[in-house]
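[1] quick one, structure for this:
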Amino acid sequence: MRRKDREVTDFVKIENIISRCGCCRIGFYDDGEVYIVPLSFGYEAKDDTYVLYFHGAKEGRKIDLIRKNPYAGFEMDTDYAVNEADTACGYSARFQSVIGSGIVSIVSDPEEKKRGLILLMEHNTGKQGWDFDEKMINAVTVFKLEVTKISCKEHQ
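    This next block holds a predicted model:
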């Protein structure tokens, strides 16, 4: 990271930033171009890294790309606001952002699918106690991104 003064390395602070992000954008490689998809997500901290969970349709471009290439990048951000100034060059922005990459895979184990859906609902609603029956679990594809690289930045 070029601006080391803006880098966040504390695991707890990074998790706090992730917890306040409402959208995760995943970039998939697709034969010479990048296909970026904004998605709602859930996550868990696991062994000093993160596993991000997503859900979607059982077929489509995103699912095809996951099956074709398991590597993807991601970005999420929060607390964006403009810092105003008297001159154009004096303007800046406040933000917190997380970027990284990892291995994407489709979750096939029913218990892990349920866990991923529960994490997704908890993250997006702030509520606990979600339950999913077998029909609901089978109606969607759950996939996860196991983070292998992460960097976090903030500017006030």
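[2] what residue lies at the spatial centre of this structure?
    Taking Cα atoms, centre = their mean, the centroid of the chain lies closest to C24, which sits 3.8 Å from it.
[3] strands of this structure, start to end?
    Remark: strands assigned in the chain by DSSP state E are 7-8, 24-30, 33-39, 42-46, 49-56, 71-83, 92-106, 141-155.
[4] deepest of those, which one?
    Highest mean neighbour count among the strands of the chain (mean count of other Cβ atoms under 10 Å): strand 49-56, with a mean of 21. The way it works is simple: take the backbone N, C-alpha and C, and place the C-beta from them, glycine included.
[5] so who does the most far-flung residue of the chain relative to its centre touch?
    Here the centre of the chain is the reference, and by Cα atoms, centre = their mean the most remote residue is D86, at 35.9 Å. Neighbour list for D86: empty [criterion: Cβ atoms under 8 Å, 6 or more residues apart in numbering].
[6] so the residue nearest to the centre of the chain makes contact with L52?
    Yes: using Cβ atoms under 8 Å, C24 is in contact with L52, at 6.2 Å.
[7] need the overlap of contacts for those two.
    With Cβ under 8 Å, 6+ apart, C24 and L52 have common neighbours F41, F74.
[8] how close does K153 get to E84?
    Between K153 and E84 the computed distance is 21 Å (Cβ to Cβ, to the nearest Å).
[9] run through the bridge partners of Q96.
    T78, E154 (DSSP bridges).
[10] so it touches Q156, yeah?
    No: Q96 lies out of contact with Q156 (Cβ under 8 Å); the separation is 9.1 Å.
[11] hang on, the earlier thing: okay, the residue nearest to the centre of the chain: pLDDT?
    Model confidence at C24, given as pLDDT, is 98.
[12] now swap in D48 and tell me
    Looking at D48, its pLDDT stands at 84.
[13] what sits against N83?
    Contact partners of N83, counting by Cβ under 8 Å, 6+ apart, are Y91, S92, A93, R94.
[14] okay, those residues in TSV with pLDDT and distance to D47 next?
    Compiled in TSV, those are given as follows (pLDDT from 0 to 100; distance: Cβ to Cβ, whole Å):
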residue	pLDDT	distance to D47
Y91	87	41
S92	82	36
A93	80	33
R94	80	32
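[15] and which of those is nearest to V37?
    A93 (23.9 Å; Cβ to Cβ).
[16] Throw the contacts of N83 into JSON lines and include distance to D10, thanks.
    JSON lines is the format used below for those (distance: Cβ to Cβ, whole Å):
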{"residue": "Y91", "distance to D10": "28"}
{"residue": "S92", "distance to D10": "23"}
{"residue": "A93", "distance to D10": "22"}
{"residue": "R94", "distance to D10": "19"}
